[in-house]
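K.L.:
next come a sequence and a model predicted from it.
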Amino acid sequence: MGLTGKLVAAIEFRAGGDVFHELVTHKPHHVSITSPEKVQGCDLLEGEFGKVGSIICWRYTHEGKEKTAKELIQAIDEEKKSIEFKMLEGDLMKLYKDFLITLHIDTKNGIDLVTWTLEYETLHDDVEHPISLLSFFIDMTKDIENHHLQKA
């Protein structure tokens, strides 16, 4: 029996929350341009980018290893600037029974925060919590921010 867990990180995003939401939700295939060391590509397998029910496959490098993640876009809320990705296949599913990645944008006192939430159930009790993956998302968010600030 595995363990369930939830990790959350909120990071200030100075390039505008709308920019981040638009990129990740509607143009995920452009993330590799803004964070090429971490993300090598995002392929559309079924449906349309930015549409619930679509299936995408990320190609990324985590902890020095090339990995893949086949995900279902489970929910999108344009008003709340949120998107949910349910993991279907890929490297994470070798360790986790269920894995859900949610990100949303909050604006407080004029500051945009990108919030990543990882909800998961491990396959076994000895599987580590995905703290390094949360760190990966934080670093990727900073790469995207730096890319957009340099363009401005």
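P.N.:
Noted; the coordinates are in hand.

K.L.:
show me where this structure has helices.
P.N.:
17-26, 31-34, 131-151 (DSSP state H).

K.L.:
adding distance to Met87 and mean pLDDT, write the ones you listed out as JSON lines.
P.N.:
Just so you know, the C-beta spots here come from the backbone N, C-alpha and C atoms, and that holds for glycine as well. Below are the helices of the chain laid out as JSON lines (distance: least, C-beta to C-beta, whole Å; pLDDT from 0 to 100):
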{"stretch": "helix 17-26", "distance to Met87": "16", "mean pLDDT": "96"}
{"stretch": "helix 31-34", "distance to Met87": "17", "mean pLDDT": "96"}
{"stretch": "helix 131-151", "distance to Met87": "11", "mean pLDDT": "96"}
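
K.L.:
can you redo the ones you listed as a markdown table with mean neighbour count and distance to Lys6?
P.N.:
Formatted as a markdown table, the helices of the chain follow (neighbours: other C-beta atoms under 10 Å; distance: least, C-beta to C-beta, whole Å):
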| stretch | mean neighbour count | distance to Lys6 |
| --- | --- | --- |
| helix 17-26 | 18 | 20 |
| helix 31-34 | 18 | 24 |
| helix 131-151 | 16 | 11 |
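
K.L.:
for Asp43, which of those is the nearest?
P.N.:
With C-beta to C-beta as the criterion, Asp43 lies closest to helix 31-34 of the helices of the chain, at 10.6 Å.

K.L.:
show residues contacting the closest one.
P.N.:
Leu23, Val24, Val39, Gln40, Gly41, Cys42, Met140, Asp143, Ile144, His147, His148 (C-beta atoms under 8 Å, 6 or more residues apart in numbering).

K.L.:
what's the closest of those residues to Ala15?
P.N.:
His148 (3.7 Å).
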